[in-house]
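J.: Can you look at this prediction? I've put the sequence above it.
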Amino acid sequence: MTISLNEMATVVQSLLDAELIIENQENQLKESKENARKLREEVIPSSMQELGLAELKLDTGQKITVKQDVYASIPKDNKLSALQWLEDHGHGGLIKTDVVTSYGKGEEEEGRARKLLFKLLAEGEKTKLSRGINAQTLKAFLREQIAKGEDVPLDLFGASPVWTTKIK
């Protein structure tokens with residue numbers, strides 16, 4: 001196959017055009033998602049509250065409800081303090097601990113991974129201890145505590161309560 005410089009320039013321009021279209025569509029999608037978020041979390045909940053409605057049934061048969069939810073993601077700098085708070089307040093059972101170690105190719109056949117459970121400290125294996133709380137578990141816990149009116153340091157957990165619209 002032989003291609004001329006003019007044909008090559010046309011192909012390159014086609015790529016540039018395609019990338020520009022993708023960028024524009026990604027920006028439109030981002031704007032649409034933000035618009036939907038505002039409607040779901042701000043406009044509809046405040047409007048229903050203003051109208052004194054707990055739910056609304058549309059002519060289409062769809063039912064609109066608003067409920068409180070919570071967004072949470074423990075900031076890295078707060079992780080130890082957040083886990084300590086959970087333990088200090090009787091919620092340590094939510095915390096999961098993982099011990100991780102890595103083996104090279106072929107070491108599984110030697111049985112080292114299976115024996116590790118019994119000899120971890122004695123063999124001085126390189127391990128990593130990780131403690132944390134599952135994101136969905138944290139979200140459910142915080143939602144429950146907020147509903148009960150408990151005093152929870154939301155900033156420690158990177159949490160913010162939001163009202164959100166559900167359409168069924």
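T.: Nice, I can see it. Numbering: from 1, shown residues only.
J.: Trp163 belongs to a helix?
T.: No - assessed with DSSP: H, G, I helix; E, B strand; the rest coil, Trp163 is strand; it does not lie in a helix.
J.: burial count for it?
T.: Around Trp163 there are 16 other residues, counting by other Cβ atoms under 10 Å. From N, CA and C alone the C-beta is placed, and that goes for glycine too.
J.: and it, what pLDDT?
T.: Trp163 carries a pLDDT value of 93.
J.: which residues touch it?
T.: Applying Cβ atoms under 8 Å, 6 or more residues apart in numbering to Trp163 gives the contacts 41, 45-46, 49, 66-69.
J.: From those residues, list the buried ones, please.
T.: 41, 45, 66, 69 (16 or more other Cβ atoms under 10 Å).
J.: Out of those residues, the closest to Leu138 would be?
T.: Nearest to Leu138 out of the buried ones among the contacts of Trp163 is Asp69 (Cβ to Cβ; 12.8 Å).
J.: Report the separation between that closest one and Ala140.
T.: As judged by Cβ to Cβ, to the nearest Å, Asp69 and Ala140 stand 10 Å apart.
J.: repeat for Gly124
T.: For Gly124, the distance to Ala140 (Cβ to Cβ) stands at 39 Å.
J.: How far does the helix or strand in which Phe141 is found sit from its chain's centre?
T.: Using DSSP states H and E, Phe141 falls within helix 135-148. Remark: helix 135-148 is offset 14 Å from the chain centroid, using Cα atoms, centre = their mean, to the nearest Å.
J.: With stretch 68-79 instead?
T.: Distance, centroid of stretch 68-79 to centroid of chain: 10 Å (Cα atoms, centre = their mean).
J.: ok, now how distant is the residue nearest the centre of the chain from Asp69?
T.: With distances taken as Cα atoms, centre = their mean, Ala135 lies nearest the centre of the chain, 6.6 Å away. Distance of Ala135 to Asp69, given as Cβ to Cβ: 13 Å.
J.: Same question for Val152.
T.: Here the criterion is Cβ to Cβ. By it, Val152 lies 15 Å from Asp69.
J.: List the contacts of Asn134.
T.: Going by Cβ under 8 Å, 6+ apart, the list of residues near Asn134 reads Lys96.
J.: list the contacts for Gln145?
T.: Val152.
J.: per-residue confidence for it?
T.: So Gln145 comes in at 93 (pLDDT).
J.: Kindly report the same for the one 4 residues further on.
T.: We note a pLDDT of 90 for Gly149 in this prediction.
J.: again, but for Gly106
T.: Residue-level confidence at Gly106 comes out at 63, pLDDT.
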